[in-house]
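>>> Okay, here's the prediction I keep looking at, along with the sequence it came from:
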Amino acid sequence: MTIEQKRAAATVSRRMMVSLAVMAFGLALPATASAQDYPTQPIKLIVPGTAGGGMDVIARVIGDRIGTILKQPVVVENKPGAGGNIAVDYVAKSKPDGYTMLIGQTAHFSINPSLYSSLPFDPVKDFQPVTLLADAPNVVMVNAESPIKNLDELVAAAKASEKGLSLATPGNGTVSHLTGELFQKTAQVKFNHIPYKGAAAALTDVMGGRVDFMLSSIPTALSQIKAGKLRPIAVSAAKRSPSLPDVPTIGEQGYPGFDAGTWYGLLVPAGTPTAVVEKLNAAANEAIEADDIREKIRQEGGDSYGGTSAEFAALMKADSEKWSKVVKESGAKVD
Amino acid sequence: MELFGNLALGFETALTLTNLAYCFLGVLLGTAIGVLPGLGPVATIAMLLPLTFGLPAETSLIMLAGIYYGAQYGGSTTAILVNLPGESSAVVATLDGYQMARRGRAGVALATAAIGSFVAGTIATLVIVLFAPPLAGVALEFGAAEYFSLMVLGLIASIVLAHGSLLHAFGMILIGFFLGFVGTDVNSGMQRYSFGVPELGDGLNFVIIAMGTFGLGEIIANLGTEMSRDVHAAKINNLMPSREDFRRIVKPILRGTFLGSFLGILPGGGAMLAAFATYSMEKKLSPHQAEFGHGAIEGVAAPESANNAGAQTSFIPMLTLGIPSNPVMALMIGAMIIQGIQPGPSVMTEQPSLFWGLIISMWIGNLMLLVLNLPLVGIWVKLISVPYHFLYPVILTFCCIGVFSLNNSTFDIYLMIIFGFMGYVFRKLGAEPAPMLLAFILGPMMEEYLRRALLLSHGDPAVFIFSPISGALLVVAVILLLLVLLPSIKRSRVEAFQEEA
């Protein structure tokens, strides 16, 4: 073979390779193009709760902004029921094309899997985490007239009382309830747990002086705290909350390492193209970093946290381990 | 005078052109979704919430509030005309309202509902203006024991709702209880009667049962009696209440307004309780007792006034305490938060133009509703003369859309169909579904409050008697029970006598 022939052969093979590459690219084109052009149609954001609930407001505010950034409307769809499991299952079985997203929280991914003996979805295998959006600690509160001023006094009062102090929570198996369980174990006390259907009725009873104290997310109680009807005595997270900067954490009051909060995050079905996940991650991070959105999340009692999807996945894993232990030790079970 | 200053500020805010326009838009939309069966204010307000981001706080709340009380107006229209209560408080309107419609007095019934609602709305607005802060404290006085006793009273009152056999009424109440058990137990978190179906985990939805037993059941039953239809369509004579009618509705409207204003303040179904408590009261007080259940005008005037007054005063705990008394109020709180306003006791002092503007807008909105609805009465009444084969498919379609809109789930539509057949069977057996629906709502609440009261008292039942409010309510309940039982024993004797003759 002469040099020319070799060159020609090489050229041919190079041409072939190029054309093969073009063909391959051509085949791959629809997928890449859709990931590149994504989104070309409205995106559904599934909220596992009723319209108007705390998470719903966060979802609508953030969804609206993500829509503006991606230049496609984000349509919020409420699918309440079965502690959020119906919505989570719906997204788990949706097409992984980035047009169905879920606002999930601690309860759905880190508590329900150990609380329910069987779930129709796998919280790890069926989902691709996009990003953490916000974290909201719970707050321990008493009636403003109550003699209890701090956590030490609460524990002392609980130990001194014959029948135990009554603790109101927004419901069985909620983060607030399990935070209470975790604290009972940490502080070696026993409370008389009074579960409610949602925080509003529980608040009324604490304000009416019928229940000794209450654990709930900050937003539901914030206006009462600001009006001086309720006295916050501790927040449950590792850090103080920006909404209640003067309230010390449980950790600060003699129980170091105590950390229990509710995170809110964005998830899509497993198998969603990486490019789409990255685009959503960037848009969501941009949305929650905007000052006005940050302020709205703060009014709901949360801190906005962005981050990568890997960071979010790690947080989900750590939380699942923590809560499954609490659920097992408290003996709580549903179904 | 601070009060006049506040009112002036309220009028100033509510009477701007923008706010008037949005108020009108709200009540118009509210009436429309109220008339359409199954579509409720909760879903509508939730969908419109993002649209209010760009509006000023006052304007958006004025519009959202308009949707809420507009829906109360519209809801009774469907209840009266086609026996379809879209909301729990409209159940009572089906009892005599629909009977009036069947007797060719649909126009009078609708006009009565509109006038009663307007009067109630006006008085309730005054109540809010004068007493909102002190009344807010009342809601805090009601704990688990007090609510339980209130529910007992309500349940006994619901027996009065049934016209016909007392045994049937008891039976339907029991069925209502059983249906109410379905779902997750609040105390233990256990699933009851959900048969492993996740959709049943939160219990059955009121709207599904109401659409099924009332709407579908009625339609199936009417397929067998096509002939009777033309008769009442032809008999429509007058649209407006006569002087005699007006004389009869004055007192029921005032009593309904009073009770509605009071019960509306209590979180958790206050307006609904008010509607049927006044119905029971009127049935006892009215000189025309025999007409109840067969188209008594008092049976429309009183509960309609009560539920509108209750809807109005349910704003009190939301505005003054930041506590939502129903899902709509929870949405309003969400709307305020989005606007950067922290709902709670500070709203009145920090946002006076919002607070007073909203209250005054409610009165203006009620006036708009009256002006909007009275001329429409003639058009609505014509709906009755639409032939079945056009009307029913339309109703069925809207029932399906409405039920689907609750949870975005097709499972709910299948459930509605099952309840439709149940409703048909009940109708054939001559059993009234209204007591069942009320027991369905009250049963789970009673259980929840009973168990919570006992949890808090460490199992001591004396709380129900020694709490003054709870004790007083139970005494009234016992008296009412006696009042219910005595005449029915007497009546059954009379009936037996007539049969012999």
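In hand now; what should we look at? Numbering: from 1, shown residues only, chains lettered A, B, ... in the order given.

>>> going forward, measure contacts and count neighbours with C-alpha atoms only.
OK.

>>> Secondary structure element for A:Gly104, which one?
Assigned by DSSP states H and E, A:Gly104 belongs to strand A:100-105.

>>> for that strand, packing partners?
strand A:43-47, helix A:85-92, strand A:261-269 (3 or more CA pairs under 8 Å, 6 or more residues apart in numbering or on different chains; DSSP states H and E).

>>> And chain B, is the second one touching that?
Yes: with CA under 8 Å from any CA of the partner chain as the measure, helix A:85-92 is seen reaching chain B through A:Asn85, A:Ile86.

>>> Then the first one?
No: Strand A:43-47 lies out of reach of chain B by CA under 8 Å from any CA, never closer than 10.6 Å.

>>> now stretch A:184-202
Yes: residues of stretch A:184-202 are located near chain B by CA under 8 Å from any CA, namely A:Asn192, A:Ile194, A:Pro195, A:Tyr196, A:Lys197, A:Ala200.

>>> Give me the most central residue, chain B.
B:Ser89 (1.2 Å; CA atoms, centre = their mean).

>>> Distance-wise, check B:Ser314 relative to B:Trp363.
15 Å (CA to CA, to the nearest Å).

>>> Between those two, point out the one with more neighbours.
Set B:Ser314 next to B:Trp363 and count neighbours by other CA atoms under 10 Å in any protein chain shown: B:Ser314 wins out with 30 against 21.

>>> hmm, back to that, please read off the pLDDT at the residue nearest to the centre of chain B from the model.
pLDDT, B:Ser89: 72.

>>> And for the one 10 residues further on?
Reading off the per-residue confidence, B:Gln99 sits at a pLDDT of 85.

>>> Same list (the helices and strands packed on strand A:100-105) but as JSON lines, adding mean neighbour count and distance to B:Leu39.
Formatted as JSON lines, those follow (neighbours: other CA atoms under 10 Å in any protein chain shown; distance: least, CA to CA, whole Å):
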{"stretch": "strand A:43-47", "mean neighbour count": "23", "distance to B:Leu39": "20"}
{"stretch": "helix A:85-92", "mean neighbour count": "24", "distance to B:Leu39": "21"}
{"stretch": "strand A:261-269", "mean neighbour count": "24", "distance to B:Leu39": "30"}
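
>>> Can you tell me which residues in the stretch 51-200 of chain A are near chain B?
A:51-54, A:57, A:60-61, A:64, A:77-82, A:85-86, A:163, A:166, A:171-173, A:192, A:194-197, A:200.

>>> Please spell out the PyMOL selection for the buried subset of those residues.
To isolate the buried ones among those in PyMOL, judged by 16 or more other CA atoms under 10 Å in any protein chain shown, type:
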select buried, chain A and resi 51+52+53+54+57+60+61+64+77+78+79+80+81+82+85+86+166+171+172+173+192+194+195+196+200
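
>>> Just the ones in strands from the residues of the stretch 51-200 of chain A next to chain B, please.
A:Glu77, A:Asn78, A:Ser166, A:Asn192, A:Ile194, A:Pro195 (DSSP state E).

>>> Check these for the minimum pLDDT and say which it is.
In this model, the minimum pLDDT among those belongs to A:Asn78 (81).

>>> Is that one in contact with A:Lys44, as I believe?
No: applying CA atoms under 8 Å as the test, A:Asn78 and A:Lys44 come out as separate, 10.2 Å apart.

>>> Where does pLDDT dip in the stretch 151-300 of chain A?
By pLDDT under 70, the stretch 151-300 of chain A has no low-scoring segment.

>>> That one: strands as residue ranges?
For the stretch 151-300 of chain A, applying DSSP state E, counting those that start in this stretch gives strands covering A:166-169, A:192-195, A:213-217, A:230-235, A:261-269.

>>> What residue in chain B comes nearest to chain A?
B:Leu331 (4.3 Å; CA to the nearest CA).

>>> Hmm, B:Ala46 and that residue touching each other?
Yes: here B:Leu331 reaches B:Ala46: they are 6.9 Å apart, a contact under CA under 8 Å.

>>> any idea how chain A splits into domains?
Domain assignment for chain A, taken from automatic domain parsing, gives A:43-135+A:261-330, A:137-253.

>>> okay, those in a markdown table with distance to B:Gly121 next?
Converted to a markdown table, the domains of chain A look like this (distance: least, CA to CA, whole Å):
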| stretch | distance to B:Gly121 |
| --- | --- |
| domain A:43-135+A:261-330 | 25 |
| domain A:137-253 | 26 |
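
>>> Out of those domains, the one nearest B:Phe214 is which?
Closest approach to B:Phe214 among the domains of chain A is made by domain A:43-135+A:261-330 (24.6 Å; CA to CA).

>>> Endpoints of the closest one, how far apart?
40 Å.

>>> Next: stretch B:459-478.
23 Å.

>>> repeat for stretch A:234-243
13 Å.

>>> Which residues does the stretch of helix or strand B:Thr94 belongs to contact?
Counting by DSSP H and E, the element that carries B:Thr94 is helix B:91-102. Contacts with helix B:91-102, where a contact means CA atoms under 8 Å, 6 or more residues apart in numbering or on different chains, come from B:76, B:79-85, B:106-107, B:109, B:232-233, B:275-276, B:279, B:292-297, B:299-300, B:303-304, B:434.

>>> what's the residue closest to the geometric middle of chain A?
The residue lying closest to the centre of chain A (CA atoms, centre = their mean) is A:Tyr264, at 2.1 Å.

>>> Is that residue in contact with A:Leu133, as I believe?
Yes: if you go by CA under 8 Å, A:Tyr264 and A:Leu133 touch, sitting 5.5 Å apart.

>>> how distant is stretch B:18-38 from the center of its chain?
18 Å (CA atoms, centre = their mean, to the nearest Å).

>>> if we can go back for a sec, which one is the residue nearest to the centre of chain A nearest to, not counting chain neighbours?
A:Gln105 (4.5 Å; CA to CA, 6 or more residues apart in numbering or on different chains).

>>> for stretch B:98-116, how far is the first residue from the last?
End to end - CA to CA - stretch B:98-116 spans 17 Å.

>>> List the buried residues for it?
B:98-116.

>>> ok, and for stretch A:108-120, which residues are buried?
A:His108, A:Phe109, A:Ser110, A:Ile111, A:Asn112, A:Pro113, A:Ser114, A:Leu115.
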